[in-house]
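Q: Just a sequence and a predicted model for now, questions to come.
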Amino acid sequence: GWKAPLVLVPFAFVYAAESLGWRWAFGAHRAPSLPFRSLYRIRWCGEAVNNVVPSGTVGGEAVKVYLLHKRGVPPGDATASVIVGRTVQTLMQVTFIAMGAAAFLHVAPDRAGLKPTLVVILVLCVGLIGGMFWLQARGLFTTVLTWTRALGLRVQALESRGDRLLRIDRQVLDFYRGERRHFALSAMAYLTGWLLDTTDLLLVA
């Protein structure tokens, strides 16, 4: 009935939490001077592209970098913030799934195969988190360039921007090493977003 649009209301708060997490993903020294509402709209645009275009979230992240650059944010800072933001958001999504699996493991009925499956989910979540940090520590673009060169591939788009991509890797690594407070704040904001994302189920119920 007329209450159906209320299901969309929680997403306004979800996007607010995620936009806050993204702002903290810039770190203390590269935070943009954009007002929060602009960052909110840019994230909205990027997520709209991710939800509509089958680009595996790459298209929406590129849109965010482009719109940030159009508003005066250096491309390197914009790209690093998008990589960190997406990584922390995914990390908190995996953490959220692990929390759900652990909670269900506690209350699940004792059926054959159910609890071992949940244990496997927990182990996979922990492995995925470790893999993400390993890749970020090595450098995303550094790893891609190393693999393409090892395979004898010369991707002109990568080679011509090699130095710039490696600088972005260093910015991302510097964030993880020197911005632990902002990392924790960003993680909490994204986790809050995932928790708020469940409120629409409560409204439907």
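A: Nice, thanks for sending it over. The model shown is predicted, which means the values in this text are computed figures rather than measured ones.
Q: centre of the chain versus the lengthiest helix in the chain, how much separation?
A: Across the chain, the helix with the greatest residue count (assigned by DSSP state H) is helix 75-107. In terms of Cα atoms, centre = their mean, to the nearest Å, the centre of helix 75-107 is found 6 Å from the chain centre.
Q: For whatever helix or strand comes next after it, buried residues please.
A: Per DSSP states H and E, the first helix or strand lying C-terminal to helix 75-107 is helix 114-138. Of all the residues in helix 114-138, those buried under the rule 16 or more other Cβ atoms under 10 Å are Leu118, Ile121, Leu122, Cys125, Leu128, Gln136. Every C-beta, even on glycine, is put in place using the N, C-alpha and C of the backbone.
Q: Out of these, which one has the weakest pLDDT?
A: Of all these, Gln136 carries the smallest pLDDT score, 72.
Q: check contacts around it.
A: Residues in contact with Gln136, defined by Cβ atoms under 8 Å, 6 or more residues apart in numbering, are Thr87, Val172, Leu173, Tyr176.
Q: residue contacts, the first one?
A: When you say that, I think you mean Thr87. Met132, Gln136.
Q: and with 10 Å instead?
A: Counting by Cβ atoms under 10 Å, 6 or more residues apart in numbering, Thr87 makes contact with Ala25, Met132, Phe133, Leu135, Gln136, Leu140, Val172, Phe175, Tyr176, Ser186, Tyr190.
Q: Which of the helices or strands spans the closest residue in space to His182 that isn't next to it in sequence?
A: Using Cβ to Cβ, 6 or more residues apart in numbering and skipping residues adjacent in sequence, the residue nearest His182 is Trp24, 4.7 Å away. Here Trp24 sits within helix 9-25, counting by DSSP H and E.
Q: other SSEs contacting that helix?
A: Contacts defined by 3 or more Cβ pairs under 10 Å, 6 or more residues apart in numbering; DSSP states H and E place helix 9-25 against helix 36-52, helix 75-107, helix 180-196, helix 199-204.
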